[in-house]
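1. everything below, folded, please.
(one chain, ligands or ions: 2)
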Amino acid sequence: MQRRRLVAGIDSSTQSCKVLVCDARTGVVVRSGRAAHPEGTEVDPEHWWQALLVALDRAGGLDGVDAVSVAAQQHGMVCLDDDGAVVRPALLWNDTRSAAAARDLVREHGGPAAWARDTGSVPPASFTVAKLRWLAEREPDAMAATAAVCLPHDWLTWRLRGCAGGLGGLTTDHGDASGTGYYAPAERAWRPDLLALATGRTPTVPRLVAAAEPAGRTPGGVTVGSGTGDNMATALGLGIGPGHVVVSLGTSGTVFAVSEAPAADPTGAVAGFADATGSFLPLVCTLNAARVLDAAATMLGIDHDALSELALDAPPGAGGLVLVPYLAGERTPDRPDATGAVHGLTLDNATPRHFARAAVEGMLCGLADGLDALRAQGIAVDQVSLVGGAAQAEAVRRIAPDVLGLPVSVPRPAEYVALGAARQAAWTLTGPGTEPPAYHPYPGTLLYDADTAAPSIRPRYAEARDHVLNVPRH
Ligand SMILES: Nc1ncnc2c1ncn2[C@@H]1O[C@H](COP(=O)(O)OP(=O)(O)O)[C@@H](O)[C@H]1O
Ligand SMILES: O=C(CO)[C@@H](O)[C@H](O)COP(=O)(O)O
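-> Numbering: from 1, shown residues only. Ligands and ions are numbered 1, 2, ... in the order given. Here you go, the predicted model:
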């Protein structure tokens, strides 16, 4: 009898590292492990590596595993010197200190329309290109010491491969590369001119590896897939097709779809990413999702289950109380210096339950704006799937259809980023020219419908949001 083949998928996201070891053919999870990442928007990549080793160990290691792939938080700036050592802690996607650098770059390369045309996106502070410009201006010695620049998943993939080939052995995939700001998704090629514009130099960038192509092997001989960004991996894990939109509520809130055509939104709301299969992944990202609920629960001194119960005990619209959720600044809309705000407070709605409801509604309204931005780019929206840590809250699932204006399906809670990475690893075993295996490992998707009696929540939110956005920048 043939031995069952196993694959490992790794999700190195903002808050933690998760590992799934799965049956290569079906995606059924055989074993799993996780480990926490440190807090903060600037992190020494060594912490990710150590968390990966712990999570992998908890998942039983790579024993019997035929292939492994890493998916990770997008955009993070990992700078390496000539010897391959990390030059300084990585600036993460949610670090906004590069906001002015992003604005300068947009102007210098001819404005938003030119960036959208050339790279599919108008780079905000989150993109690697803006972080590199910040580095060149603020830490020129670190920039001078930077011989190569790569992304979190590139670096972890290289470490898994024992750093084989030195800096020249670094690899990436087209999906994650499309979040750098120096890559053209429509041409599937790097834009060294834009890297030079940001840095004044031409550091080495990783070799682009196609979908289903291996990046190499671990020292123990396990095949290593190209890996990808965490959102691209979610799309692979869910196996989404045209018309199917995903709303992911992790540290970031993302709204995305798979598309056959590259996006180029000059308003900057939609990032025109590539996906991990050779297609495209138009995506809207907010800086404020699960942590808005974390903060609301902390403020009320309760846990997530109690927050969810309270929110469901308050009327739709929270009696006019509106929470604008820009707690970490915001990326969409591009207001890195914005702060959160509470509007419409009255004696009647000044209760924990109204506040809990306003937190859930405010977080979801940010994503509903994202859905509108995707539609404005001609993306069909027939169905919405809700995933990520905050999708586990019953209040989020039940309120989401009212705010998003669509029925919402909630796939069984699972680690879809890690599952997508595992699916990519399995695909690497069959190689280019083949289809990825069909994974249906999680029956039990729940469908939530809109409450037809719910008042419209979004107009009030839009009023409060615009009030916040109209506060002059200082
Ligand atoms: N039941 C729940 N209700 C609301 N939020 C939750 C719940 N369970 C987990 N979370 C939140 O989800 C977040 C982690 O989600 P995850 O998708 O793993 O994030 P990331 O991929 O960014 O690391 C944390 O902020 C956590 O507090
Ligand atoms: O910046 C983006 C997408 O452009 C984020 O979605 C990051 O990729 C982080 O993801 P999570 O840790 O929130 O999953």
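
2. how about the residue in the stretch 101-250 of the chain that ligand 1 sits nearest to: what's its closest non-neighbour residue?
-> Closest residue of the stretch 101-250 of the chain to ligand 1, C-beta to the nearest ligand atom: G250 (3.0 Å). Heads up, the C-betas are built off the backbone N, CA and C, glycines and all. Distance criterion C-beta to C-beta, 6 or more residues apart in numbering; nearest residue to G250, sequence neighbours excluded, is G388 at 4.1 Å.

3. G60 versus that neighbour, what's the distance?
-> G388 is 26 Å from G60, where distance means C-beta to C-beta, to the nearest Å.

4. look at the two and report which has more neighbours.
-> G388 (24 against 17; other C-beta atoms under 10 Å).

5. you'd agree the more buried one is up against L249?
-> Yes. Assessed by C-beta atoms under 8 Å, G388 is found in contact with L249 at 4.0 Å.

6. so what sits against both of these two?
-> 289-290 (C-beta atoms under 8 Å, 6 or more residues apart in numbering).

7. returning to what we had before: and the residue of the stretch 101-250 of the chain closest to ligand 1, how many residues sit next to it?
-> 24.

8. and what of R217?
-> Neighbours of R217 using other C-beta under 10 Å come to 16.

9. what sits against A358?
-> Contacts for A358 (C-beta under 8 Å, 6+ apart) come out as 318, 321-323, 342.

10. could you check the pLDDT of it?
-> On pLDDT, A358 comes in at 98.

11. which residues of the stretch 301-450 of the chain score low on pLDDT?
-> 441-442 (pLDDT under 70).

12. now F127: closest residue in space that isn't a chain neighbour?
-> The shortest distance from F127 to any non-neighbouring residue, by C-beta to C-beta, 6+ apart, is to G181 (4.0 Å).

13. where does the one you found sit: helix, strand or coil?
-> Following DSSP: H, G, I helix; E, B strand; the rest coil, the label given to G181 is coil.

14. same question, the one 5 residues further on
-> In the three-state summary, A186 is assigned as coil, counting by three-state DSSP.

15. check the burial of the residue nearest to it when sequence neighbours are not counted by counting its neighbours.
-> Distance criterion C-beta to C-beta, 6+ apart; nearest residue to A186, sequence neighbours excluded, is P262 at 4.5 Å. P262 has 20 neighbours, counted by other C-beta under 10 Å.

16. ramachandran angles for P262?
-> phi -70, psi 150 (degrees, to the nearest 10).

17. what do you get for A72?
-> Torsion angles, degrees, to the nearest 10, at A72: phi -150, psi 170.

18. element containing the residue nearest to the spatial centre of the chain, please.
-> Residue closest to the average C-alpha location in the chain (C-alpha atoms, centre = their mean): N231, at 4.6 Å. Following DSSP states H and E, the helix or strand that holds N231 is helix 230-238.

19. quick check: D11 is in a strand.
-> Yes. D11: assigned to a strand according to three-state DSSP.

20. next, count neighbours for the nearest residue to V68 once chain neighbours are set aside.
-> Distances taken as C-beta to C-beta, 6+ apart place A8 nearest to V68, at 4.2 Å, with adjacent residues excluded. Each residue near A8 was counted by other C-beta under 10 Å, and the total is 32.

21. so A8 bridges to which residues?
-> For A8, the beta-bridge partners are V21, V68 (DSSP bridges).

22. sorry, back to before: looks like the residue nearest to A186 contacts G120 (just checking).
-> Yes. The criterion here is C-beta under 8 Å, and P262 meets it with G120 at 5.5 Å.

23. what residues does this protein have near ligand 2?
-> 13-14, 73-75, 93, 126, 179, 229-231, 250-252, 254, 271, 285 (C-beta under 6 Å from any ligand atom).

24. how about the strands in the stretch 201-350 of the chain?
-> For the stretch 201-350 of the chain, the strands defined by DSSP state E, counting those that start in this stretch cover 207-209, 214-217, 223-225, 228-229, 244-249, 253-257, 271-274, 280-286, 322-324, 341-343.

25. and among those strands, the most buried is which?
-> Most buried of these, by mean neighbour count (mean count of other C-beta atoms under 10 Å): strand 228-229, with a mean of 34.

26. that one - which strands sit beside it in the sheet, and in what orientation?
-> strand 65-72 (parallel).

27. hmm, the strand it pairs with touching ligand 1?
-> No. No part of strand 65-72 sits close enough to ligand 1 to count as contact by C-beta under 6 Å from any ligand atom; the gap is at least 9.8 Å.

28. list the buried residues of the next helix-or-strand element following that strand.
-> Once strand 65-72 ends, the next helix or strand along the chain (criterion: DSSP H and E) is strand 78-80. The neighbour-count check on strand 78-80 (16 or more other C-beta atoms under 10 Å) flags 78-80 as buried.

29. my guess is Q74 contacts T234. True?
-> No. Between Q74 and T234 there is no contact under C-beta under 8 Å: 11.4 Å.

30. sorry, back to before: ligand 2: which of the contacts of A358 is nearest?
-> Nearest to ligand 2 among those, with distances taken as C-beta to the nearest ligand atom, is L323, at 19.7 Å.

31. what sits closest to the closest one if chain neighbours are left out?
-> Closest residue in space to L323, ignoring its immediate chain neighbours: G362 at 3.5 Å, by C-beta to C-beta, 6+ apart.

32. okay then, goodbye and thanks.
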